[in-house]
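Novice: the amino acid sequence is not available; the structure is as follows:
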């Protein structure tokens, strides 16, 4: 392995991200809570809103009921466990696997952000002047996405959903490109 371009057989990583929470204090003149009740078959025209949303909501008490004021609230961060493995199968062929696992249950808390569970497997060819890779992602948000990317010298481009967009109704679309340089 010492004469080849990439000097490792296996790399592994793990990280626990976004631990903790943030406390917010409410500014009563700028904040209010409302329960919305628009019966089936009825609608509310959003063009009725003006600069002072409280005045608008208080005019339509049949649709909006102000809730008890809150002085502060806590938002939990979307704690995740990130795990990665990169394995060198043969000289220039690698297989990477990465997982993001949600470690907090924020489903029932209105203000808390939710984390996406995802697993990505990426086979790739990695040469000195050229690289090509095919990321295959499974997530609870976009289901399955398959992409393609390459590097030619210092230029790189790709998409994590290009192949999925071409063969099915993908729920994801992205493109990236760049120029890599060092000092």
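Specialist: Noted; the coordinates are in hand. All figures in this text were calculated on a predicted structure; none of them were measured in a lab.
Novice: low-confidence ranges, this structure, go.
Specialist: Residues of the chain meeting the criterion pLDDT under 70: 1-6, 106-107, 171.
Novice: please repeat the previous calculation with a cut-off of 50.
Specialist: Within the chain, the segments meeting pLDDT under 50 span 1-3.
Novice: that one: helices as residue ranges?
Specialist: Using DSSP state H, the helices of the chain run over residues 53-59, 162-167.
Novice: what does the shortest one contact?
Specialist: Applying C-beta atoms under 8 Å, 6 or more residues apart in numbering, the contact partners of helix 162-167 are 134, 144-148, 159, 170, 172-173, 175. C-beta coordinates here come from the backbone N, C-alpha and C atoms, glycine included.
Novice: among the residues you listed, which are in strands?
Specialist: 144-146, 148, 159 (DSSP state E).
Novice: and the residues you listed, which are buried?
Specialist: Buried by 16 or more other C-beta atoms under 10 Å: 145-146, 148, 159, out of the ones in strands among the contacts of helix 162-167.
Novice: can I get the residues you listed in CSV including distance to residue 129?
Specialist: CSV is the format used below for those (distance: C-beta to C-beta, whole Å):
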residue, distance to residue 129
145, 28
146, 25
148, 18
159, 22
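Novice: need the max-distance pair from those residues.
Specialist: Pairwise distances among these were taken by C-beta to C-beta; the largest, 11.2 Å, belongs to 145 and 148.
Novice: wait, what's in contact with the residue nearest the centre of the chain?
Specialist: For the chain, the residue nearest the mean C-alpha position is residue 116 (6.3 Å; C-alpha atoms, centre = their mean). The contact partners of residue 116, taken as C-beta under 8 Å, 6+ apart, are 100, 102, 139-141.
Novice: skipping adjacent residues, who's closest to residue 22 in space?
Specialist: Counting by C-beta to C-beta, 6 or more residues apart in numbering, residue 22 lies nearest to residue 75, which is 5.0 Å off, once chain neighbours are set aside.
Novice: neighbours around the one you found, how many?
Specialist: When counting by other C-beta atoms under 10 Å, one arrives at 16 neighbours for residue 75.
Novice: I figured it hits residue 114, correct?
Specialist: No: Residue 75 is beyond contact range of residue 114, at 11.7 Å (criterion: C-beta atoms under 8 Å).
Novice: rewinding a little: most neighbours among the contacts of residue 116, which one?
Specialist: With neighbours defined as other C-beta under 10 Å, the most crowded of the contacts of residue 116 is residue 100; it has 19 neighbours.
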